[in-house]
Each structure stands twice: as structure tokens, then as C-alpha cells.
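**Student:** what follows is a predicted protein model with its sequence.
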Amino acid sequence: MNQIKTCKRCLYRSDHPLGLIINDDGLCSGCIIHEEKDTLDWDYKWDRLEKLVEPYRSLDTRLYDCVVPVTGGQDSYYIVHIVKEKLGLNPLLVSYNKYWNTPLGIKNLANLRIKFNCDIVLQNINPLSVKKIVKETLRKMGSIYWHCIAGQTVFPVQTAVRYKIPLIIWGAHQGMEQVGMFSHKHEVEMTRRYRKDHDLMGFEADDLVGHFNSISEQDIWQYRYPDDKSLNDIGVRGIYLNNYVRWDPKSQHESMIKMYGYKTSKFSRTFDCYDYVDCYNYMNLHDKIKFLKNGYSKVTDHATREIRHGRLRREYASELCRFYEKIPIKYDSLFNEWLGTKPNGLDFILSKNINTKYYKSYINPVVTDKINVKESDVGSVFLCNSSLNDDQEEGYITIGKGYS
């Protein structure tokens, strides 16, 4: 059995779920690829991007030049800013409804399409089908977020085929940014295989249909990736902006806050106020499941990113992670109410997904070391200008509303 190693610069281990290599000097592949950001000629890379998108620019202003996936959180504002304001393209925005929307996320999404004056297509899959899929993926692979990732990665491709728009523009490639799966020089593009193997944990929608559950063809067909003929007939391709723009989520978000009024929120389980403000579950129940299965939570991803950008010392980052990982999750009662499950039933399912490599039992799987970090000491360098529940009682907004 291979010994688990930890990168000497960041907090990632050699057993990272996306795959990670640690070299003889003790540096992980993610840190090594991150170093490219300081050596590449980004003016040259930008020139390559402009030349790449030029053939897709329509002479008819009534037609769309590209498809851009967006949400009410993460990097959506920055992506649309680059696409529309810097490249001068006319994008069709697309967004998959995960049904766990916060009021803040709905406001961010409405503000996005208003500030950038873009058309948007929303996908609202039958909520009964979504609930059946969540129950099955929770039981089968210990994931409540499979349907979100599946929908967010397939709906833009389906839209590109449906509207005959060949170019899809994504933000950052997760495998590159986190674990250095590819070099920026590779200029890797969207693939069906990466989506299945990494985003979807090896399970396509058809794998969920079986004799021992209630999921049918009617429930999963909208999560099915278009066939090769459909893609080739249109010439669909998906590019990642982090191949052409020096990617730094913290500075990008702060620019979007100033320029377009992007709203942020404090989380209980991380110091980052910028990501996933559109979802009640990502930084709560989903994060808890990630911790039980992989031995670390989202705060480790945030801390590792900040270490690599030189804004956080590794020793202090470790303290931060131990601090935040101990904090109980919120909003699990909302999830149980939505899904129709009981707390003890959810706990039973979670107990079945514990990775015993990290934890012996579900009772108290978190780190219990004494640490030297106080809650008041952390998060001060991130800007919090709102809250998840602004102007709204707690509860999912299942269908988005527009805000003026």
C-alpha cells in the first residue's frame, strides 16, 4: 500500500480524489502547474484567445456567438465580464436550477443578466425527478450534488446543440487549478470523458436506472450528454478561460464586487465569502459529506489556493482548516424537509459513506486537536457585503425571481 504523502507547500495529499503527484522535492503537481502562472506570457495567451474566438463572432447581432454557463455564485460575473466586455462577444447565458437556491444567489443571477444585458435560458427539471435522483445518488455514491454537477455540465452542451452555437466558454478547469492535471500550455478543452470520470464520479445518468429503484428514463433523459454525431455536426467545443487569463478567484471576485455589485456572504465552514453563495447545501451538507469521504473539506481547497497565491502561510492555513472543519453544518433540516427524509435516516446514509481510512466512526469524525485560531482572527481579508438570507425567511427558492 502506497504511503500517503502531503505536499510540503500546500495542504493537498497524494490521495486527492482528482489524482495528485508529489515529486521528489515534495511538491505536488497542483503547485507545480500553479507556478506556470508566474512564467507564462499572458499577453500572448490573450492574443491566442482573441484569435480563437474570432471565427465564432456572428455578423448578425441577433445571433449568439457563444454559450456561457452561469450561476448566482462562483466565477460567473468574471466570466461574463471577459466574454462580453473584453472579447466583445454576444453570449447566451444558461443556468441549471439546483433547487437549493438562496435569496442571495437569485439576486446575484438577476443582477448578472441585468448589468450585462444578456439573454438567459434556465433549465428547471421536474423537481420530483430531481428528488428521486438525489435519493439514489446519496445512497449509491454518497453524493447529494451529482444532479447539480450533471446538470451544470450537460445543459450548456445541450443548449449549444439545440441553438447551433458551436462555442461554449467555461471559467477554470478544476483539475488544472487544484491538482495540476494539465498544463496551461496544453490548452485543454471540454470532454465527455472528463465529465464522467471526474465530475460525475464515473456514473452517467443511465447508470442510475435500475430494477431496485424508482428512477426511469423519464427522470434522467435531460442529464444525458449529446451523442458524438450531434456534437460533430455543430462543431461544439468548450474552452476554459484559465488557459488564457491568469486565474485568481479572490482578486477577480473583488473586482466584480466593485464593478457590478456582486454580493458575498460569510460561511460558517470557511473563510472564503465569495464562492457558492447561491446554494444552501454546498458549504454545509455537501461539505460534510466531502469531509467524511475524503478526509478534508472545502476550506482546504480555499486555503491551498491562498497558499499558492502567497496570501496565506501554510502553518496558519492548517490551523484554519482544523478550526472550520469542527463547526457544525447548517440548513440540514431544510434539506430533510425538501427531500422528505428524517434526520436519523440521513445520518444512517452518511454513516455508510464514511471513509474508514480517515475516521473510525460517524459519531465524532472531526479533528479534535487544540488550535490557536479564534473565529475573530479569520476571514478579515475577504469582503462580506450581504448574507445568504437577505430580505427573505430561510428556505429554498425553487424557482428564480427577477429583481430590479
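**Tutor:** Thanks, I have the structure now. Note that the coordinates shown come from a computational prediction; the quantities given were computed from them, not determined experimentally.

**Student:** ok now the helix or strand bottoming out on mean pLDDT in the chain, how far from the chain's centre?
**Tutor:** The weakest-scoring helix or strand in the chain, judged by mean pLDDT, DSSP states H and E, is helix 343-351 (a mean of 90). On the basis of CA atoms, centre = their mean, to the nearest Å, helix 343-351 sits 25 Å off its chain's mean C-alpha point.

**Student:** can you mark which positions in that helix are buried?
**Tutor:** Leu346, Leu350 (16 or more other CB atoms under 10 Å). Heads up, the C-betas are built off the backbone N, CA and C, glycines and all.

**Student:** which residues sit against it?
**Tutor:** The contact list for helix 343-351, computed with CB atoms under 8 Å, 6 or more residues apart in numbering, reads Leu138, Arg139, Gly142, Lys288, Ile289, Leu292, Asp332, Ser333, Phe335, Asn336, Ser361, Tyr362.

**Student:** okay, now the residue nearest to the third one when sequence neighbours are not counted: neighbour count?
**Tutor:** With CB to CB, 6 or more residues apart in numbering as the measure, Asn353 is the residue that lies nearest to Gly142, at 3.3 Å, once sequence neighbours are left out. Look at Asn353: counted by other CB atoms under 10 Å, it has 15 neighbours.

**Student:** cool, and Leu383?
**Tutor:** Residues near Leu383, counting by other CB under 10 Å: 15.

**Student:** wait, it sits on Cys273?
**Tutor:** Yes: with contact defined as CB atoms under 8 Å, Leu383 and Cys273 form a contacting pair (6.4 Å).

**Student:** what's the overlap in contacts for the two?
**Tutor:** Counting by CB under 8 Å, 6+ apart, the shared contacts of Leu383 and Cys273 are Thr264.

**Student:** list the contacts for Thr61?
**Tutor:** Asn90.

**Student:** ditto for Ser230
**Tutor:** Val161.

**Student:** how far away from the center of its chain is the one helix or strand it maps to?
**Tutor:** Using DSSP states H and E, Ser230 maps to helix 228-234. In terms of CA atoms, centre = their mean, the centre of helix 228-234 is set 27 Å apart from its chain centre.

**Student:** you'd agree Leu93 is in a strand?
**Tutor:** Yes: checked against DSSP: H, G, I helix; E, B strand; the rest coil, Leu93 lies within a strand.

**Student:** mind listing the residues bridging to it?
**Tutor:** For Leu93, the beta-bridge assignment (DSSP bridges) gives partners Val68, Ile120.

**Student:** that one and Asn117 touch, don't they?
**Tutor:** No: contact criterion CB under 8 Å: Leu93 and Asn117 do not qualify, at 10.8 Å.

**Student:** looking at those two, which has the bigger crowd around it?
**Tutor:** Leu93 (25 against 7).

**Student:** and after the helix holding Ser230, which helix or strand comes next?
**Tutor:** Criterion used, DSSP H and E; the element after helix 228-234 is strand 237-240.

**Student:** direction included, what does that next one pair up with?
**Tutor:** According to DSSP bridges, strand 237-240 forms sheet pairs with strand 167-170 (parallel).

**Student:** after the partner strand comes which helix or strand?
**Tutor:** Next in line after strand 167-170, if elements are assigned by DSSP H and E, sits helix 174-179.

**Student:** next SSE downstream of that following helix?
**Tutor:** helix 192-194.

**Student:** now the host helix or strand of Asn336: average pLDDT?
**Tutor:** Per DSSP H and E, Asn336 falls inside helix 332-339. Averaging pLDDT along helix 332-339 gives 94.

**Student:** as PDB, could you dump the C-alpha coordinates of the least confident helix or strand of the chain?
**Tutor:** In PDB, the C-alpha atoms belonging to helix 343-351 read as follows (Å, rounded to 0.1, in the frame of the first residue of the first chain):
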ATOM      1  CA  PRO A 343     -32.700  13.200  10.400                       C
ATOM      2  CA  ASN A 344     -31.900   9.700  11.700                       C
ATOM      3  CA  GLY A 345     -32.400   8.400   8.100                       C
ATOM      4  CA  LEU A 346     -29.900  10.900   6.700                       C
ATOM      5  CA  ASP A 347     -27.400  10.200   9.500                       C
ATOM      6  CA  PHE A 348     -27.700   6.500   8.700                       C
ATOM      7  CA  ILE A 349     -26.900   7.100   5.000                       C
ATOM      8  CA  LEU A 350     -24.000   9.300   5.900                       C
ATOM      9  CA  SER A 351     -22.600   6.700   8.300                       C
END
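
**Student:** report the angle between that helix and helix 332-339.
**Tutor:** Here the directions of helix 343-351 and helix 332-339 differ by 100 degrees (axes from the mean of the first three to the mean of the last three CA atoms, to 10 degrees).

**Student:** list the buried residues of whatever helix or strand Lys107 lives in.
**Tutor:** Using DSSP H and E, the element containing Lys107 is helix 103-115. Neighbour-count burial for helix 103-115 flags Pro103, Leu104, Gly105, Ile106, Lys107, Asn108, Leu109, Ala110, Asn111, Leu112, Arg113, Lys115 (criterion: 16+ other CB under 10 Å).

**Student:** packing partners of that helix?
**Tutor:** helix 76-80, strand 91-96, helix 249-260 (3 or more CB pairs under 8 Å, 6 or more residues apart in numbering; DSSP states H and E).
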